[in-house]
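**Q** quick check, what structure comes out for this input:
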Amino acid sequence: MREYGNRIHADPSILNGKPVVKGTRISVEIILSRLAEGISIPEILIAWPNLTEEDILAALSYSAAVIAHEELLVG
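**A** Numbers count the residues shown, from 1 in each chain. Model prediction:
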């Protein structure tokens, strides 16, 4: 799994503490939402030129790590 610690950051003063790509206000949530909508990584990079592919992969890695520690609730 890719290391995300040097790219993903959470600070209570930025987007209410949501994890973001370090140095931006672009949240992991928005990156995942765009990918889930079918927007490709190249399209995301065009929309946010200050992001890199490594930032997007770090967001995915961070999300996988968070989910690995959650319990699935099926209702």
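
**Q** for Arg34, see how far away the nearest residue to Asp55 once chain neighbours are set aside is.
**A** Leaving aside its sequence neighbours, Asp55 sits nearest to Val21 (Cβ to Cβ, 6 or more residues apart in numbering; 4.6 Å). C-beta here means a position set from N, CA and C on the backbone, and glycine is covered the same way. Note on Val21: its distance to Arg34, by Cβ to Cβ, to the nearest Å, is 13 Å.

**Q** what's the helix or strand for Ala64?
**A** Counting by DSSP states H and E, the element that carries Ala64 is helix 53-68.

**Q** figure out how far that helix is from the centre of its chain.
**A** 6 Å (Cα atoms, centre = their mean, to the nearest Å).

**Q** send me it as CSV with only the CA atoms.
**A** The C-alpha trace of helix 53-68 is given here as CSV (Å, rounded to 0.1, in the frame of the first residue of the first chain):
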residue,chain,number,x,y,z
GLU,A,53,-1.4,11.7,-9.6
GLU,A,54,0.5,10.8,-6.4
ASP,A,55,-1.8,13.0,-4.4
ILE,A,56,-4.8,11.2,-5.8
LEU,A,57,-3.3,7.8,-5.1
ALA,A,58,-2.4,8.9,-1.6
ALA,A,59,-6.1,9.9,-1.1
LEU,A,60,-7.1,6.4,-2.2
SER,A,61,-4.5,4.8,0.1
TYR,A,62,-5.6,6.9,3.0
SER,A,63,-9.2,5.9,2.4
ALA,A,64,-8.3,2.2,2.2
ALA,A,65,-6.5,2.5,5.6
VAL,A,66,-9.5,4.2,7.2
ILE,A,67,-11.9,1.6,5.9
ALA,A,68,-9.6,-1.3,7.0
